[in-house]
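Sequence isn't available, so here's the structure alone:
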């Protein structure tokens with residue numbers, strides 16, 4: 001299983017990317033027929049896919065231990081890019097959130113790469129201070145400050161979804177490293193306090209939470225996306241309406257090619273299609289965790305597990321939002337949704353996992369230690 005986990009990982013990623021390209025072609029087909037540019041969104045995604053594959057190959061060839069040596073430079077660069085979101089003429093504000101930087105037609109979302117930088121920094125910290133992981137100062141306070149710094153920069157962009165995801169991933173790495181649970185509960189309380197403050201002083205976010213409990217009442221307002229999303233799943237049923245035959249993408253469902261592409265899968269491919277997507281992510285997470293378990297050192301184990309947790313958690317949150325189980329957070333579905341920053345960051349994570357597997361310790365059956373059974377003593381007559 002350990003030796004072949006890389007093939008399962010690549011199979012899951014390729015399947016999800018192929019599905020994403022197919023669904024993007026389906027959702028942009030009507031745009032072309034309504035007088036828009038023919039498949040311009042699809043061609044842009046192909047360009048980003050080329051960049052993402054190049055980034056994946058690059059990170060797969062670099063020794064993952066190099067990221068530990070460069071961890072502080074990477075973290076500082078990520079923080080600087082997040083800070084640029086607040087700079088006029090560089091930061092781009094869309095739908096009330098300052099989560100992009102760009103110039104002319106180019107745009108990038110720094111928070112996608114900041115989450116990877118956070119994982120690298122925390123994995124390197126706990127690999128360096130392995131003996132002090134259970135202590136209050138070096139096992140909780142200092143890594144907690146690293147976590148809260150990145151989360152604070154993301155949260156101040158009014159991007160509460162990415163801030164919540166970064167918090168969950170950071171806590172996950174600290175938990176896997178061995179930080180005491182009673183210490184982690186303090187961070188959970190701080191995050192809950194920050195979430196409460198954000199909800200209180202940002203009424204729109206509070207309304208999004210309340211909308212989840214009564215979508216039908218708010219289906220003409222903030223609950224529109226999730227209401228139409230549920231209709232799309234119901235319209236598809238088990239078999240689906242057929243590829244390209246979806247109706248909810250015809251100006252009914254905003255962001256049908258980005259954050260809400262999963263309901264399009266449900267409408268056109270049915271329950272079988274959505275189950276296949278869930279299975280692909282389950283295989284990806286399983287393969288990533290196996291790769292992490294066989295990493296040759298502590299840094300590789302924490303880094304691989306953190307990256308796998310990031311991809312799995314982001315997919316889980318997106319599916320929770322599109323099925324109206326969670327408030328609308330604006331998170332993409334990794335490898336499937338349209339978006340260059342998300343795709344490149346996800347492929348960078350996959351490339352690092354491939355490199356960890358290349359250096360993993362994979363024992364064959366004849367190399368495993370022999371477990372000698374204790375013979376039961378029987379009195380001789």
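Structure received. The model shown is predicted, which means the values in this text are computed figures rather than measured ones.

Can you show me the helices along the stretch 51-200 of the chain?
With helices called from DSSP state H, counting those that start in this stretch, the stretch 51-200 of the chain shows them at 65-69, 71-84, 110-128, 136, 142-155, 160-177, 181-201.

Ignore what I typed, I meant the stretch 251-381 of the chain.
Using DSSP H, counting those that start in this stretch, the helices of the stretch 251-381 of the chain run over 262-293, 298-322, 340-358.

now the last one: mean pLDDT?
Translated: helix 340-358. Helix 340-358 shows a mean pLDDT of 95.

before we move on, what about the longest one?
Rounded to a whole number, the mean pLDDT of helix 262-293 is 94.

Ok, stretch 186-193 next?
77.

Repeat that for stretch 100-113.
For stretch 100-113, the per-residue pLDDT averages 82.

What's the end-to-end length of it?
12 Å (Cα to Cα, to the nearest Å).

try stretch 99-118
Termini of stretch 99-118 sit 17 Å apart (Cα to Cα).

buried stuff in that stretch?
99-101, 108-118 (16 or more other Cβ atoms under 10 Å). Just so you know, the C-beta spots here come from the backbone N, C-alpha and C atoms, and that holds for glycine as well.

Report the two of those separated the most.
Largest separation among those by Cβ to Cβ: 100 and 118, giving 18.9 Å.

how many other residues sit next to the closest residue to residue 329 other than its chain neighbours?
Spatial nearest neighbour of residue 329, chain neighbours left out: residue 161 (3.0 Å); criterion: Cβ to Cβ, 6 or more residues apart in numbering. Residue 161 is flanked by 24 other residues according to other Cβ atoms under 10 Å.

Residue 271 too?
That count, for residue 271 with other Cβ under 10 Å as the rule, works out to 14.

right, and it touches residue 237 too?
Yes. Using Cβ atoms under 8 Å, residue 271 is in contact with residue 237, at 6.9 Å.

Out of the helices of the stretch 51-200 of the chain, which is the most enclosed?
Neighbour counts (mean count of other Cβ atoms under 10 Å) averaged over each of the helices of the stretch 51-200 of the chain peak at helix 110-128, with a mean of 24.

Now do that one: which elements does it pack against?
Judged by 3 or more Cβ pairs under 8 Å, 6 or more residues apart in numbering; DSSP states H and E, helix 110-128 is in contact with helix 65-69, helix 71-84, strand 97-103, helix 142-155, helix 160-177, helix 298-322, helix 340-358.

Pull the residues that contact the first one.
Meaning helix 65-69. With contact meaning Cβ atoms under 8 Å, 6 or more residues apart in numbering, helix 65-69 is reached by 74, 120, 123-124, 127, 297, 299-300, 303, 352.

6 Å instead, please
120, 124, 299 (Cβ atoms under 6 Å, 6 or more residues apart in numbering).

do the fourth one as well
If you take Cβ under 6 Å, 6+ apart as the criterion, helix 142-155 is touched by 82, 111, 114, 118, 121-122, 125, 162-163, 166-167, 170, 187.

any idea of the mean pLDDT for it?
In the prediction, helix 142-155 has an average pLDDT of 90.

tell me how far it is from the chain's mean position?
A distance of 18 Å separates the centroid of the chain from that of helix 142-155, by Cα atoms, centre = their mean, to the nearest Å.

what angle do it and helix 71-84 make?
Counting by axes from the mean of the first three to the mean of the last three Cα atoms, to 10 degrees, helix 142-155 lies at 30 degrees to helix 71-84.

Also the last one?
Put simply, helix 340-358 runs at 170 degrees to helix 71-84, going by the same axes, to 10 degrees.

Report all helices and strands that helix 340-358 contacts.
helix 40-61, helix 110-128, helix 262-293, helix 298-322 (3 or more Cβ pairs under 6 Å, 6 or more residues apart in numbering; DSSP states H and E).

And the closest residue to residue 19 other than its chain neighbours, what's its pLDDT?
Spatial nearest neighbour of residue 19, chain neighbours left out: residue 336 (5.9 Å); criterion: Cβ to Cβ, 6+ apart. With respect to pLDDT, residue 336 has a value of 93.

next one: residue 203
So, for residue 203, pLDDT stands at 60.

One more: the one 5 residues further on?
Looking at residue 208, its pLDDT stands at 66.

same deal with residue 376?
51.

now the one 4 residues further on
Looking at residue 380, its pLDDT reads 51.

try residue 47
Value listed for residue 47 in the pLDDT field: 92.

Next: residue 327.
Reported pLDDT at residue 327 in the predicted model: 82.

who are the neighbours in contact with the nearest residue to residue 305 once chain neighbours are set aside?
Excluding its sequence neighbours, the residue lying closest to residue 305 (Cβ to Cβ, 6+ apart) is residue 292, at 4.2 Å. Counting by Cβ under 6 Å, 6+ apart, residue 292 makes contact with 301, 304-305.

Please tell me which one of the residues you listed counts the most neighbours.
The most crowded member of these, judged by other Cβ under 10 Å, is residue 304 (28 neighbours).

Now for that one: which residues touch it?
Residue 304 touches 291-292, 295, 353, 356, counting by Cβ under 6 Å, 6+ apart.

try 8 Å this time
288-289, 291-292, 295, 352-353, 356.
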